[in-house]
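J.: any chance you could fold what I've pasted below:
(chains A and B)
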Amino acid sequence: MTREDIPFASISNGGCLPLDRVPQLSADELVRITRDYIGLGLRVSAYFGAIVDGAGCFPELFMVLADDERSRLLAARSPTDGCSFPSIAADCPQAQLFEREIAEQFGLVPEGHPWLKPVRFAKSWTGRDVWGREAGAPILPGVGNFYRVEGEQVHEVAVGPVHAGVIEPGHFRFQCSGERVMHLEIALGYQHRGVEEALIGGPDARSLHYLETVAGDSSVAHASTYCQLLEALGKGNRPARAQAIGAIALELERLACHIGDLGAIAGDTGFLPTSSYCGRIRGDFLNMTALVCGNRFGRNLLAPGGLWRDLEEARATELEKRIAVGECDAKSAIDLMWDSQSVLARLEGTGVLQREAAIELGVVGPAARASGLFRDVRFDQSSGMYRLAQIPVSTSDSGDVLGRAYVRSLEIQRSIEFVKEQLECLPAGSVLDGEAGTSRSRNAPRNVRRLAPNSLAVALNEGWRGEVCHVAITDSEGAFARYKIVDPSFHNWPALAYVLRDQEISDFPLCNKSFNLSYCGHDL
Amino acid sequence: MLKVILTRMRQGYRTIKFPVGAPPAMPDFFRGRPCIKNGACAEGCPPLCDACQSACPTGAIFRASDGLGGRPGPSVDLGKCLFCLDCERACPAAAIRFTKDYRLATRKREDLVLGPAAREIKLARELDKKMKRLLGRSLKLRQVSSGGCGACEADVNVLSTIGWDIGRFGIQFVASPRHADGLLVTGPVTKNMELALRKTYDAMPGPKIVIASGSCAIAGGPYLGHEDANDGVSAILPIDLFIPGCPPHPLTVLDGLLRLVGKIQDTPRGKALRHEEEL
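T.: As a prediction, this is how the structure comes out:
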């Protein structure tokens, strides 16, 4: 098979297809072709179950693959018998978490999955439980079989769900021989609050708020992706000015998080100057987002069809000034860290993710780029302002904590360049689609138009952790029959567990901060 | 080494002066305490208008009977409010406005409801005499994140950075509940975190306090009514301080904590402003 034979439908980022144009394959064909495509260098962006109007009560499977070389997405669907589907996890590790999620949500058994475990310790949506647990019986998070190493010198370290710092909950099990970690297993689900299930039947007054709180530090990335989907399904337009300001907000989000994390990495090596300065400078960048929209996390900025707020000239000038100060502050704080031999020595060779492993695990974002993968939605699957103004893809090939930190410091420079460039020549005009609000669907906020019924739409954005992918499927009324959210953390958590192998257990905090994955984005 | 010293000089001393000096300036779009002009609502609204109520994603705006027979103006529950402006945009009479007042923390849940019945926000009182003697000069907090989106945690973390330096008030976040005097809980308390939260609380030696920070922890936030989560901490633990916001601004959190330990008194400047007063 070559890339030219396409049994899947081709769709662009932010595109929309009627459901009947999404090829219906048998489950065997779907997974076989997916395996072949992955062999050709494509990767799984989203793989999920859905109960679509008119398809009876059995859930269907939907697959969205990213073909980065050709800047396109490939989609296909498959009916199931309501009991099981073939697993490809053994050959394609990047599919394993998706298969477990389908099993947990819809009670479908992925036949041949190497170790089928719950993802979030939540009850099934269909009432069918693949683990045979009784309906209504409480499901205890983190309780189950963990991979164990036995032996006289072997000991197990269990951490969490409540951690020592002010961070989100998760459970980590290390199998150690002395200081050396032989295996790490991560059990999540503590943050599960039922976001995807609650989105079914929308859009309604809460939908945008769910998306803004999928992962609080990636509000702009998730809200932009959601708005892009509504625009695709509702045939809305995002004015150029709104696209530019939206991209500025997305880069400000990236800047704040990258700067904060570099400070945290420095702090974990015991290098306090960078750590304390970056903590404050991160706040300055959050305050720039607040200057744009009133909230430090970009809440209440993005609206379907544009933005709630314009960035008036005086505000843009003020932002430009603050960016210039922030740039100097950040540069001087981060350069200190790169000038310190002891920091570099601590980061070098720690937590190496080899290129091959990154490909197999389907890693995204700065973690993938630090392992030498040229993978960035802003470049590969560009949409909005990124089609016109490109940001160079920052890569490194060492794959270690140093590589991930270095990629982030490069991205800080390039994002600042991009924001400055955008501020200099903001497109004129309005920031909200003038026609928005003409025909509203039931329960929908005023500016949401009636969505195309029986359709599938996909949108991607490069959040600061990596690819944010949302897929919406509408029913015959134009309401969401399914709204799938794939946070970059969903791709990357297994990579964090993987890099800990053969590391000292004391390397964990550093490795963890170099990825800084989201618990809530994973747990939904 | 020389560069480290030069950078130190360049970066300067950056801790805010608050509460001795003025609080840091809030951005002009900042959304603090909402203010509903009852007069405007009654005059400008079509009869039986419920635009704000139906626009609110969490049911934070409602009309409670005032017992006087008339149709009372709307009330807003700051515990449920996401400070999102959906109501302000929906109101045909432009009667709802979010002020820049960042002071929102209260000691009682009912004090968060502002409306015809209670026009003023009763800001948090300090701890009682005995508790203040024990905790007023040294308050060690254990933070538990129990669902939500992580933004509340991020803006609590900010308080420990050099810009805010919460340590100068004797307040510190500690790693173990055994070392803690109180819990600061964020998130709606998902079913999956309920047990861990209870165990953390039980592991703290008494006397102890509980702080609910953010609309999730107070009333469930955007996840209000979800089967997979509780509607906030109050279903599990008694709460001593409520800090509204989605997420609360670090200044709102700091203000609440300082009021609790008696480091911000109700001076004329800090006195609770009237609900309708302009800021």
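J.: which residue is the nearest non-sequential neighbour of the residue in the stretch 101-250 of chain B positioned nearest to chain A?
T.: Nearest residue of the stretch 101-250 of chain B to chain A, counting by C-beta to the nearest C-beta: B:Ala151, 2.9 Å away. (Glycine included, C-beta is placed from N, CA and C.) In space, and not counting its chain neighbours, B:Ala151 is closest to A:Gly216: 2.9 Å by C-beta to C-beta, 6 or more residues apart in numbering or on different chains.
J.: identify the residues contacting that neighbour.
T.: By C-beta atoms under 8 Å, 6 or more residues apart in numbering or on different chains, the contact set of A:Gly216 is A:Phe297, A:Cys520, B:Gly148, B:Cys149, B:Gly150, B:Ala151, B:Cys152, B:Glu153, B:Ala154, B:Pro247.
J.: among those, which one is most surrounded by other residues?
T.: Of all these, the highest neighbour tally under other C-beta atoms under 10 Å in any protein chain shown goes to B:Cys149, namely 37 neighbours.
J.: can you find the helix or strand in chain B with the smallest mean pLDDT?
T.: The weakest-scoring helix or strand in chain B, judged by mean pLDDT, DSSP states H and E, is helix B:38-44 (a mean of 66).
J.: need the contact list for A:His163.
T.: A:Pro169, A:Gly170.
J.: so which of the contacts of A:Gly216 is the closest to B:Ile209?
T.: Looking at those and their distance to B:Ile209, the nearest is B:Cys152, at 17.7 Å (C-beta to C-beta).
J.: give me the mean pLDDT for the host helix or strand of that closest one.
T.: With elements taken from DSSP states H and E, the one containing B:Cys152 is helix B:151-157. Helix B:151-157 shows an average pLDDT of 94 in the prediction.
J.: and what of stretch A:287-306?
T.: Mean predicted confidence for stretch A:287-306 is 93.
J.: all helices of the stretch 1-150 of chain B, in order?
T.: With DSSP state H, counting those that start in this stretch as the definition, the stretch 1-150 of chain B shows helices at residue ranges B:2-11, B:38-44, B:51-55, B:86-90, B:129-135.
J.: and the fourth one, does that touch chain A?
T.: Yes - with C-beta under 8 Å from any C-beta of the partner chain as the threshold, helix B:86-90 lies in contact with chain A, specifically through B:Asp86, B:Arg89, B:Ala90.
J.: and that helix, what does it pack against?
T.: helix B:51-55, strand B:96-98 (3 or more C-beta pairs under 8 Å, 6 or more residues apart in numbering or on different chains; DSSP states H and E).
J.: at 6 Å what do you get?
T.: On a contact count with 3 or more C-beta pairs under 6 Å, 6 or more residues apart in numbering or on different chains; DSSP states H and E, helix B:86-90 meets helix B:51-55.
J.: hmm, back to that, nearest to A:Leu432, of the residues of helix B:86-90 next to chain A?
T.: The closest of the residues of helix B:86-90 next to chain A to A:Leu432 turns out to be B:Arg89 (C-beta to C-beta; 11.3 Å).
J.: give me the phi and psi for A:Leu262.
T.: For A:Leu262, the backbone dihedrals (degrees, to the nearest 10) come out as phi -60, psi -40.
J.: report the contact partners of it.
T.: If you count contacts by C-beta atoms under 6 Å, 6 or more residues apart in numbering or on different chains, A:Leu262 has them with A:Cys278, A:Ile334.
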